[in-house]
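A.B. asks: how would this look folded up:
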Amino acid sequence: MRIVVDRNRCTGLGMCEAEAPDLFEVQDDGTLLVLNETPDAGCRQDVEAAVEGCPTEALSIVED
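C.D. replies: Below is the predicted model:
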């Protein structure tokens, strides 16, 4: 599993960080930092919650 961010859609609202703070961090300038782009399967529920909670639909999961 790989986390993909559409930088053209991401507005840095931080909903993903609220859902999965170990995986996402909104920087002071509003850009999103993905702390681990390829998390292990144990994080799937948190990643899915972040993807579903993104109001701009900027996040997606790609299966490797």
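
A.B. asks: In space, what's closest to E25 - neighbours in sequence excluded?
C.D. replies: L33 (4.6 Å; C-beta to C-beta, 6 or more residues apart in numbering). Glycine gets a C-beta too; all of them are placed from N, C-alpha and C.

A.B. asks: Pairing partners for the strand or helix carrying that neighbour, with directions?
C.D. replies: Element membership of L33 [criterion: DSSP states H and E] is strand 32-34. Strand 32-34 sits in its sheet next to strand 24-26 (antiparallel), going by DSSP bridges.

A.B. asks: what mean pLDDT does the strand it pairs with have?
C.D. replies: The average pLDDT within strand 24-26 is 98.

A.B. asks: Repeat that for stretch 46-56.
C.D. replies: Summarised as a single mean, pLDDT over stretch 46-56 is 97.

A.B. asks: rewinding a little: can you tell me how far the residue nearest to E25 sits from E63?
C.D. replies: To E63, L33 is 23 Å away according to C-beta to C-beta, to the nearest Å.

A.B. asks: Can you pick out the residue with more neighbours from those two?
C.D. replies: L33 (11 against 5; other C-beta atoms under 10 Å).

A.B. asks: so what's the more buried one up against?
C.D. replies: Listed by C-beta atoms under 8 Å, 6 or more residues apart in numbering, the contact set of L33 reads 24-27.

A.B. asks: For it, give me the pLDDT.
C.D. replies: Listed pLDDT for L33 reads 97.

A.B. asks: any idea how far V62 is from it?
C.D. replies: L33 is 18 Å from V62, where distance means C-beta to C-beta.

A.B. asks: Quick one: the helices in this structure, in order.
C.D. replies: 15-19, 44-53 (DSSP state H).

A.B. asks: Just name the most buried of the ones you listed.
C.D. replies: Mean neighbours per residue, mean count of other C-beta atoms under 10 Å, is largest over the helices of the chain for helix 15-19, with a mean of 20.
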